[in-house]
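# Sequence below, structure please.
(chains A and B)
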Amino acid sequence: MVMSASPNDDRTSGTGRYLQQSKIQAALDHAQDLGASYAEVRLMAITDSSVAIRDGKLERAIPGQDIGVTMRILADGAWGVHSTTDVLSLPGQVESTVKLAKAVAARRASKDRPVALAEVPILENEVHWIPKKDVRNTDLDTKLHHLMTLHDSAAEDERIVSVTCGWHDEHLHTELMTSEGMNRTWSFQRSLINATVTGRDGGDVVSYRTRHGGEGGLEVIEACDLGELGRTAQIATLRLLKAERAPSGKLPLVADRDLTGVYIHEALGHPCEADLVAAGDSCLDGKLGQTIGNSIVTVVDDPTIRGGYGAHPIDDEGLDTREKCLIKNGVLTEYLNHRETAHHFGIAPNAGARAQDGLHHPLVRMSNTMIQGGTHNDLDELIEDISYGVYACGSRGGQVDTGRGSFQFAAQEAWLIENGELTKPLKDVSVSGLTLQILKDVDGLTQDARLAAPGFCGKGQTVPVGDGGPIMRISNALVG
Amino acid sequence: MLPNDAVERIGEGCKRIGDLCKQEGISQWEVVAFQSYGHQLDIEAGKISLAAGGGEGGYGIRVVEEGRFGYAYLVDASSATPAIKQALDVARASPSIEGFVLPSAQEAAPVEGLCDRRILDIGPEDLLEQADAVLSEVASLDKRAVVTGGGLGVGATASAILSSEGIESSGITTSHGLGVQVSIDADDELTSSYEGDSGRQLLADVPPCIANAVHWAQVTRGPIEIDSQPQDTPVLMTSEGFSPLFSMVVPTALRGDRLVRNESFWSGKEGTQVLASDLSLIDDGRMDGGKSASSRDGEGVPSRRQTLVENGRLVGSMWGTRDAAQQVAEGRIEHAETTGNAVRGGHQSPPGIGCSDFTMTSKNGGHSQDALLQEMGDGYIVHSVMGAHTANPTSGDFSVTTSTILRVEGGQILGPVKQAGLSGNLAKALSEGVRLGDDVRVQGSYSSGSMHLPDVLMLQGLRVNPA
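From the prediction side, this is the model:
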């Protein structure tokens, strides 16, 4: 039966708990009695709201409440996991989950190492990132006002045939209890607004999408000039109607901070995830300490950047989050890891565990990933000595084959660079390459690195991320 | 796996919520419920890394008053009162759509093959044995090959819908899926291939996709040197490589609302030739055993089989109840009605428009791969692409990357190319010079539904840009 527990008291203050601690503690003790070396219960309750308008009319508004809980049990060096929306049923699943873990362990070959976890500080506390303006108190009229501001500025041209705007906010509340005595509760919020603008001129039809969002409440949306965001999307859409197909071949490429962020997320971030490295599915296996990029390249992943869409105070194994420096001056310095992979590689845990929600177990994931700034002053300086190349802007997403080390990302729009000047607008630009080559071909970065538009990362589970950096130049990229 | 009374329990929950809606005096309401249970195994680095199980579910409530609609969702039927109030508040703030009412009750014949009772009896031990068989098979096919990632799982979902208009339906569907990333890391070269299979019915212990994954990890080793100039060229895309691009672009273009709103590259082309004259597109919501088929769509309307493109001519489009009413009310189309294409992403989503089991066929039939290669002459075979999700469904333009690509000259496979870009406009590439293979395989989708596609040879409209 689908049913959820209720919080013990008022959670609007951030202090309410959903888990009945005495029962969960008994379940964790029971798991250990049955032979588990480690057990944890992690609950996530999400209060969210989605709103969409199309052509200035409310299309849908969906308030929602979700709750999920996952129990992970490590027994005989293998994992058993049970996830459910029926929180109260969890203690009854301990025995079967221990049995599951032991069944997996029994199949382990003698050459394979049992799973073990790196030691971490055991903490009992609550951490709540309190937003300036709690999204749960934001009424529908306020959301519609912001959506209409974005819509109206994007729609101001007869060639714009459709504007769809969306809103999503969420309050995330997590509780974690472990057999080691970890007992932590944390919460934070995320807010997002977006628009997809479709333009048509004769038989040509194009679309452009824009997003703004981050960790925080209503203040995240209020901090954005939505009129400007909409106008920029409208202008870009109209420009795409006149854009030419991009040239194909190996060319110098300059990427704005949106694309720089996606590039570093795909090309470097994923291969740096230690679970993929341990699985033999990363081109960066065995390359810690080696120079893999130009010395101007320094890359960090930092969940503590407040306001970033990938920000979170505590990872899903209960560790305080911290900045990870993946590449320092071209040298691979650190993998993203969680407790299992930290132990596997004999390195310190760096709080890289994230789960999509309460029904999924944590994987090694990125958060806010950025290339740090360089020495160039601006775009003009980066392109002044390019005789023929491409300046690509805005992201349509990307993908990577971490094992082969090949990646692809696509731009929303672009310009041709001719003799140091931006000339013709281009469309359908994508860039591909090999991680271990293209990091060496980054030969110019502007000084002003910061996070770009919010994004989502899929790895079996979907999590919000922030990516960004400065404007970046790659001397030789495969375009088109 | 599934409690014996799972359907009855969610049915009771629907009734309870429906009663609350009646008490609130709501004129039209609809309650859906889903409850899923399953087992799954993860495989990493050649071994089973994790075993998991569990269940999840919830309820979705749609209310309609005078053409205004509101929606809310929850996991616990006992807390439905505030959710109903939220849905009502939203409805009252929404614009009225003239003529929009919830669908009325109609008979819907059952669709066969959606529940395999053998799957209900599958336990974790059975999955562990299947995983052992898969790992053994990979090792026996190539001792260098390792399953570096993937997994397998079984699931069962009880679902129910109850509405004020007399729709009352429930049932159980099952699923069994498996996917493996096979890598060969030897002689300073790593190649890999991901393959998967899934369906409503119990899969074979070692489905053909396992050998396929090993095959593609093998045949992409030792890349050959070729002219790296970009060229417009014929491309034979395997079903696995073609499906992600196709599913991202084509079903979306056939949504009725997008067609009438000028948001589709086929807008304004109703009744005209849009594909090669031998090609037809069919959405079959009633396909026996179809991965996305069901007797009713996401709002309880009987599912149907519908031809959308017939011998190249655009003859149909996909609609749900609300979108049809809205586009008529806004004057974009004189008449539109649901085609049984309302789809939901689960209890959290109100119905949108999407396809179910989607096929592309040719009146010329299918051809063997040898015949397709002979017709191609010089070109490429592409088996998978990266970045299909970045294709533009509004324009049909795409620009993706592949590392599983073989060079073909004179109808003979010369060898693999390390990496290449592949770009073009899918609508244009499918508008002429298309030949289909003779082996239809079922693939997943980037939008909704499942794709039933053979290998596809496109003789024009594509550009390959070797690295």
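# Quick check, the residue in the stretch 201-350 of chain B closest to chain A?
Per CB to the nearest CB, B:P230 is where the stretch 201-350 of chain B lies closest to chain A, at 3.6 Å. Heads up, the C-betas are built off the backbone N, CA and C, glycines and all.
# That residue: what's it in contact with?
Applying CB atoms under 8 Å, 6 or more residues apart in numbering or on different chains to B:P230 gives the contacts A:S248, A:G249, A:G480, B:G421, B:R463, B:V464, B:N465, B:P466.
# for stretch A:321-331, the distance to its chain's centre please.
17 Å (CA atoms, centre = their mean, to the nearest Å).
# let me redo that: stretch A:33-43
The answer for stretch A:33-43 is 28 Å, by CA atoms, centre = their mean.
# Is it in proximity to chain B?
No - taking CB under 8 Å from any CB of the partner chain as the criterion, stretch A:33-43 and chain B are apart, separated by no less than 12.4 Å.
# Residues of the stretch 101-250 of chain A that sit close to chain B?
For the stretch 101-250 of chain A, the residues in contact with chain B (CB under 8 Å from any CB) are A:101, A:103-104, A:107-109, A:112, A:115, A:140-141, A:144, A:161-162, A:198, A:200, A:204-207, A:246, A:248-250.
# From these, which land in strands?
Judged by DSSP state E, strands contain the following of those: A:V161, A:S162, A:T198, A:R200, A:D204, A:V205, A:V206, A:S207, A:G249, A:K250.
# so the last one touches A:I474, yeah?
Just to be clear, that refers to A:K250. No - using CB atoms under 8 Å as the test, A:K250 is too far from A:I474 to be in contact (10.3 Å).
# did I read that right, B:S228 in a strand?
No - when classified by DSSP: H, G, I helix; E, B strand; the rest coil, B:S228 is found to be coil rather than part of a strand.
# ok so, going back, save the contacts of B:P230 as TSV, and put in distance to A:V400 too.
As requested, the contacts of B:P230 are exported to TSV (distance: CB to CB, whole Å):
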residue	distance to A:V400
A:S248	21
A:G249	22
A:G480	19
B:G421	15
B:R463	22
B:V464	20
B:N465	18
B:P466	19
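# from the residues you listed, which has minimum pLDDT?
Model confidence across the contacts of B:P230 bottoms out at A:G480, which has 79.
# pull the CA atoms of stretch B:359-378 into PDB?
What follows is stretch B:359-378, C-alpha atoms only, in PDB (Å, rounded to 0.1, in the frame of the first residue of the first chain):
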ATOM      1  CA  THR B 359       6.700   1.700 -36.300                       C
ATOM      2  CA  MET B 360       8.200   2.700 -39.600                       C
ATOM      3  CA  THR B 361       7.500   0.400 -42.500                       C
ATOM      4  CA  SER B 362       8.100   0.400 -46.300                       C
ATOM      5  CA  LYS B 363       5.700  -0.900 -48.900                       C
ATOM      6  CA  ASN B 364       8.900  -2.200 -50.600                       C
ATOM      7  CA  GLY B 365       9.600  -4.400 -47.700                       C
ATOM      8  CA  GLY B 366      12.900  -5.000 -45.900                       C
ATOM      9  CA  HIS B 367      16.300  -5.800 -47.300                       C
ATOM     10  CA  SER B 368      19.200  -7.800 -46.000                       C
ATOM     11  CA  GLN B 369      22.200  -5.900 -44.800                       C
ATOM     12  CA  ASP B 370      24.300  -7.200 -47.700                       C
ATOM     13  CA  ALA B 371      21.700  -5.800 -50.100                       C
ATOM     14  CA  LEU B 372      21.700  -2.400 -48.300                       C
ATOM     15  CA  LEU B 373      25.500  -2.200 -48.400                       C
ATOM     16  CA  GLN B 374      25.500  -3.000 -52.200                       C
ATOM     17  CA  GLU B 375      23.000  -0.200 -52.700                       C
ATOM     18  CA  MET B 376      25.000   2.100 -50.600                       C
ATOM     19  CA  GLY B 377      28.300   1.600 -52.400                       C
ATOM     20  CA  ASP B 378      30.500   4.000 -50.500                       C
END
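# can you map out the strands along the stretch 351-467 of chain B?
Ranges of strands within the stretch 351-467 of chain B are B:352-353, B:357-362, B:379-386, B:397-409, B:412-417, B:420-425, B:434-436, B:441-443, B:450-453, B:456-458, B:462-466, based on DSSP state E, counting those that start in this stretch.
# how about those in TSV, adding distance to A:D256 and mean neighbour count?
What follows is the strands of the stretch 351-467 of chain B, written out as TSV (distance: least, CB to CB, whole Å; neighbours: other CB atoms under 10 Å in any protein chain shown):
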stretch	distance to A:D256	mean neighbour count
strand B:352-353	32	23
strand B:357-362	36	22
strand B:379-386	21	25
strand B:397-409	18	25
strand B:412-417	30	16
strand B:420-425	20	24
strand B:434-436	37	23
strand B:441-443	34	20
strand B:450-453	34	24
strand B:456-458	33	25
strand B:462-466	22	22
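# With distance to B:G18 as new columns, can the ones you listed be given to me in a markdown table?
A markdown table is the format used below for those (distance: least, CB to CB, whole Å):
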| stretch | distance to B:G18 |
| --- | --- |
| strand B:352-353 | 23 |
| strand B:357-362 | 30 |
| strand B:379-386 | 46 |
| strand B:397-409 | 45 |
| strand B:412-417 | 59 |
| strand B:420-425 | 48 |
| strand B:434-436 | 47 |
| strand B:441-443 | 36 |
| strand B:450-453 | 31 |
| strand B:456-458 | 47 |
| strand B:462-466 | 52 |
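# Reformat those into a markdown table and put distance to chain A next to each item.
As requested, the strands of the stretch 351-467 of chain B are arranged in a markdown table below (distance: least, CB to the nearest CB, whole Å):
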| stretch | distance to chain A |
| --- | --- |
| strand B:352-353 | 9 |
| strand B:357-362 | 22 |
| strand B:379-386 | 4 |
| strand B:397-409 | 4 |
| strand B:412-417 | 12 |
| strand B:420-425 | 6 |
| strand B:434-436 | 21 |
| strand B:441-443 | 17 |
| strand B:450-453 | 19 |
| strand B:456-458 | 17 |
| strand B:462-466 | 4 |
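# Alright, I will stop here.
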